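[1] just a sequence and a predicted model for now, questions to come.
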Amino acid sequence: MLLGDSRSGKLADNIAGFGRALRRAGVKVDSQRIALAKEAALAVGISEKEDLSAAFEAVMVSREQDRMVFRELFDVYFQDPKVANKLLAQLLPSAEGRAEPSKRRPRVREALAPQKAFGQQAKPSTEDQKVEFDAAMTASDIARLQHADFNALSATEYRLVERLARDIKLPLPVFASRRSRPAASGARMHWPGVMHQAARTGGELMHLPRLQRREQALPLLVLVDVSGSMERYARLLLAFLHAATRRHPHRDVFAFGMHLTDLTPAFRQADTDEMLAHASLAIEDFAGGTQLGASLASLREHHARRLVGRRTIVLVITDGLDTGEPADLARELAWLRRRSRRLLWLNPLLRFDGYAPLARGAAVLHAHAHGMLAVHNLSKLEELAASLAALMKK
């Protein structure tokens, strides 16, 4: 096995470089984990690649979703000479046929891409970024990103898709309130308007003003899962909801993991980036476990007045991988369903064909929700408004 320049024996430098590559791939690796990796290499030796990989994985990976990225990046970064020769042969021009596209994960490809030195290129202006986006993104690229799963995007693609998600509209269903306003048509006569009309025309009535009930958007309550399995979806969906419901008069947002966090103050920020910064400071259990039952109990005990007169639309954004007791979750979901107009489950796992909610928490949530919708790519977010309207009519 080759560890970089074996003639000079730069083992520590290669491990540090591998840690930086993991960070570029989105794996949370700090200097302490890199130091533990160096100690693990001294403990197990470098004679067996499998042993070294297992030792590095034990000290450098803390999230299940990063394991496959780590293993693929380790195999490429610490290459066997035979594997390196095969990869080199694939890069050489051939007389016929077409080269197969790389099957590496987007996060691995970006981590292995050449990095520009700090300060090498000035940060482009907003106009330059817009021109570069228009010139570089072809129709096929945009179509691919429209249907790409958020969890499979590279870091650059993820930032771009997050910006695109902020432009998607989410018109919510409306209801006729008790308040009325003057209009050309309506069920009741607007008698003050009739008298004013008669006074202006000398007693002659040219038309009869009417009263029409005002239309208001239904109150919205959003519960966003910020556990480890939802990490790649949570930030992007929070940005989407903040931009799409900016003008909503009654909007409450909560994050839940091991406990409930009120994000409504953060959502009052006008700028989406500022909202994300405030939300990251408020959420203490980000990328942890999931206790939806306990979080709903906290909602019932401390924030029950946020549910307005059984008119509220409740959106629960989670993959349903709950670690609490199903009985507690069923009891809290039953209470939430009684207090809301519609309880809708937005599930990113619907990206898998033939998905069925077989996990304990998922089965309980599926039994109490009025409907389940997909939110794993941009196209599904664009279809969300129509899907909500269809479910409201049932």
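    Looks like it came in fine.

[2] give me every residue that touches the residue positioned nearest the centre of the chain.
    Centrality entry for the chain: nearest residue to the mean C-alpha point is residue 233, 2.3 Å, by Cα atoms, centre = their mean. Taking Cβ atoms under 8 Å, 6 or more residues apart in numbering as the criterion, residue 233 is in contact with 150, 151, 317, 348, 375, 376. C-betas here are computed from N, CA, C, even on glycine.

[3] the last one looks like it's in a strand, true?
    No. Under DSSP: H, G, I helix; E, B strand; the rest coil, residue 376 falls outside any strand and is assigned coil.

[4] I figured it hits residue 149, correct?
    Yes. If you go by Cβ atoms under 8 Å, residue 376 and residue 149 touch, sitting 5.2 Å apart.

[5] which neighbours do these two share?
    Common neighbours of residue 376 and residue 149 (Cβ under 8 Å, 6+ apart) are residue 351.

[6] out of these two, which sits in the busier spot?
    Using other Cβ atoms under 10 Å, the more surrounded residue of residue 376 and residue 149 is residue 376, with 24 against 14.

[7] wait, what's in contact with that one?
    Residue 376 makes contact with 149, 150, 151, 233, 348, 349, 350, 351, according to Cβ under 8 Å, 6+ apart.

[8] residue 225: which of those residues is nearest?
    Comparing the contacts of residue 376 against residue 225 with Cβ to Cβ places residue 233 closest, at 8.1 Å.

[9] and the next element down the chain from the helix or strand harbouring that closest one?
    Using DSSP states H and E, residue 233 sits in helix 231-244. Using DSSP H and E, the helix or strand that directly follows helix 231-244 along the chain is strand 251-256.

[10] what is that following strand packed up against?
    Using 3 or more Cβ pairs under 8 Å, 6 or more residues apart in numbering; DSSP states H and E, the elements in contact with strand 251-256 are strand 220-225, helix 231-244, strand 260-262, helix 264-267, helix 292-302.

[11] how does it look with 6 Å?
    With contacts defined as 3 or more Cβ pairs under 6 Å, 6 or more residues apart in numbering; DSSP states H and E, strand 251-256 has these neighbours: strand 220-225, strand 260-262, helix 264-267.

[12] stretch 332-340: which residues count as buried?
    Neighbour counts over stretch 332-340 (16 or more other Cβ atoms under 10 Å) mark 332, 333, 335, 336, 339, 340 as buried.

[13] actually stretch 165-174, not the one I wrote
    Residues 165, 166, 168, 170, 172, 173 are the ones in stretch 165-174 that count as buried (16+ other Cβ under 10 Å).

[14] let's verify the fifth one: helix, strand, or coil?
    Right, residue 172. With three-state DSSP as the basis, residue 172 sits in coil.

[15] how much space is there between the residue nearest to the centre of the chain and residue 164?
    Using Cβ to Cβ, to the nearest Å, residue 233 is found at 15 Å from residue 164.

[16] try residue 281
    Per Cβ to Cβ, residue 281 is found 26 Å from residue 164.
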